[in-house]
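Engineer: Starting from these lines, generate the structure:
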Amino acid sequence: MENSILWLNKNDVESLLDMKGTLKVVEEAFRQHGLKKVQMPPKLYLFFKKHNGDLRTMPAYLEEQDITGVKIVNVHPDNPKKGLPTVMALVILNSTETGAPIAIMDGTHLTDMRTGAAGGVAVKHLARKNSKTVGFVGAGNQAKTQLLAINEVIDIEEIKVTSISEKGTLAFKREMEKRTGCDIIPKRSIKEVCDCDILVTTTPSREPIVKDEWISEGTHINAIGADAPGKEELDPMILKRARVVVDDIPQASHSGEVNVPLSKKIITEKDICCEIGEVVAGRKKGRTKDSDITVFDSTGLAIQDVATADLVYRKALKENMGIKLQQF
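Structural biologist: All right, here's what the predicted structure looks like:
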């Protein structure tokens with residue numbers, strides 16, 4: 001019987017987790033989701049309106065791998081002004097045999113990495129095979145891990161970026177040029193960035209900031225920012241033109257890029273092509289031709305967290321890392 005819990009702090013998780021490994025386990029988690037071999041209730045939200053933030057709980061069970069856990073995560077857009085990350089998280093892994101907690105780990109970096117990996121999986125399965133240019137709207141942590149993941153799955157020739165903060169845009173350029181070896185071109189407008197093969201949006205916007213007329217045929221879009229009711233980044237007319245692939249239909253309908261257009265009846269659920277797991281599992285087609293516009297609506301699934309946390313846990317045991325906390 002388990003009588004200790006392994007505690008892994010942020011430094012532990014950062015040292016154990018790389019993008020290549022994260023991509024592998026997240027793609028497999030999506031595949032299991034597409035094969036209906038997971039249990040994952042919709043994430044639960046607590047809204048703190050006077051603090052402009054929320055708290056979410058996200059449980060999941062991957063049946064084939066027999067791993068389970070829950071993530072507790074906040075989103076507070078005003079936190080950077082206080083010297084804190086917008087998103088902070090904790091993941092608890094449990095034994096499926098006894099239910100006992102076996103590991104608790106910082107989930108902040110893990111969340112960034114698994115979200116970036118989801119974008120990489122989407123690009124692998126939905127973007128045109130000859131995609132070379134990537135545009136970023138937003139230059140925060142999410143944009144960084146999206147770039148790390150996309151850089152693993154395609155040969156990037158050009159990167160363009162813009163954000164609400166010129167300082168943030170230049171910081172993104174400096175850091176990510178070192179980490180990827182790619183040249184990054186800052187742009188003043190969102191319109192300039194949209195002239196690309198793959199567009200990544202990672203903002204907390206509550207109104208469309210990417211216009212329909214800026215998106216050319218064949219473009220793939222990773223819509224990452226909308227992860228709560230009322231959030232949207234894309235002109236809904238883009239969704240009308242595109243093959244829209246979501247991570248999870250119930251969750252995306254509630255809090256993804258499609259949530260506002262659905263609630264306003266601009267689109268219906270029939271306008272959603274399928275889930276990314278169905279594409280990964282070979283059950284549905286995402287892109288059918290080079291001229292398709294494809295959109296990946298990422299809300300972030302608990303299966304991604306549990307799969308990634310299990311990877312970290314197994315590596316930590318192998319390398320004898322972390323602190324054992326006595327439970328009983």
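Engineer: quick one: the helices in this structure?
Structural biologist: 10-16, 19-34, 108-126, 141-153, 166-180, 190-193, 236-241, 249-255, 259-263, 276-280, 302-319 (DSSP state H).
Engineer: and these as CSV, adding distance to residue 286 and mean pLDDT?
Structural biologist: No exception for glycine: its C-beta is placed from N, CA and C like everyone else's. Conversion of these to CSV gives the following (distance: least, Cβ to Cβ, whole Å; pLDDT from 0 to 100):
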stretch, distance to residue 286, mean pLDDT
helix 10-16, 31, 97
helix 19-34, 11, 98
helix 108-126, 4, 97
helix 141-153, 14, 96
helix 166-180, 25, 95
helix 190-193, 23, 97
helix 236-241, 15, 96
helix 249-255, 15, 92
helix 259-263, 20, 95
helix 276-280, 4, 98
helix 302-319, 18, 98
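Engineer: Pull the number of nearby residues for residue 76.
Structural biologist: Number of residues near residue 76 (other Cβ atoms under 10 Å) recorded here: 18.
Engineer: Wait, residue 3 touches residue 328, no?
Structural biologist: Yes. Contact criterion Cβ atoms under 8 Å: residue 3 and residue 328 qualify, at 4.6 Å.
Engineer: thinking again about what came up before, just the helices of the chain: most buried one?
Structural biologist: Most buried of those by mean neighbour count (mean count of other Cβ atoms under 10 Å) is helix 108-126; its value is a mean of 26.
Engineer: Now do that one and helix 141-153, the angle between them.
Structural biologist: Helix 108-126 runs at 50 degrees relative to helix 141-153, counting by axes from the mean of the first three to the mean of the last three Cα atoms, to 10 degrees.
Engineer: now helix 108-126 against helix 302-319, angle please.
Structural biologist: With the same axes, to 10 degrees as the basis, helix 108-126 and helix 302-319 are set at 120 degrees to each other.
Engineer: Could I get the CA-only coordinates of helix 108-126 as PDB?
Structural biologist: Output of helix 108-126 as PDB, limited to C-alpha atoms (Å, rounded to 0.1, in the frame of the first residue of the first chain):
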ATOM      1  CA  THR A 108       2.400  25.600 -14.300                       C
ATOM      2  CA  HIS A 109       5.200  24.600 -16.700                       C
ATOM      3  CA  LEU A 110       3.500  21.300 -17.400                       C
ATOM      4  CA  THR A 111       0.400  23.200 -18.500                       C
ATOM      5  CA  ASP A 112       2.400  25.400 -20.900                       C
ATOM      6  CA  MET A 113       4.200  22.400 -22.300                       C
ATOM      7  CA  ARG A 114       1.100  20.200 -22.900                       C
ATOM      8  CA  THR A 115      -0.800  23.100 -24.500                       C
ATOM      9  CA  GLY A 116       2.200  23.700 -26.800                       C
ATOM     10  CA  ALA A 117       2.300  20.000 -27.600                       C
ATOM     11  CA  ALA A 118      -1.400  20.000 -28.500                       C
ATOM     12  CA  GLY A 119      -0.700  22.800 -31.000                       C
ATOM     13  CA  GLY A 120       2.200  20.700 -32.400                       C
ATOM     14  CA  VAL A 121      -0.100  17.700 -32.800                       C
ATOM     15  CA  ALA A 122      -2.700  19.800 -34.600                       C
ATOM     16  CA  VAL A 123      -0.100  21.200 -37.000                       C
ATOM     17  CA  LYS A 124       1.200  17.700 -37.700                       C
ATOM     18  CA  HIS A 125      -2.300  16.400 -38.600                       C
ATOM     19  CA  LEU A 126      -4.000  19.600 -40.000                       C
END
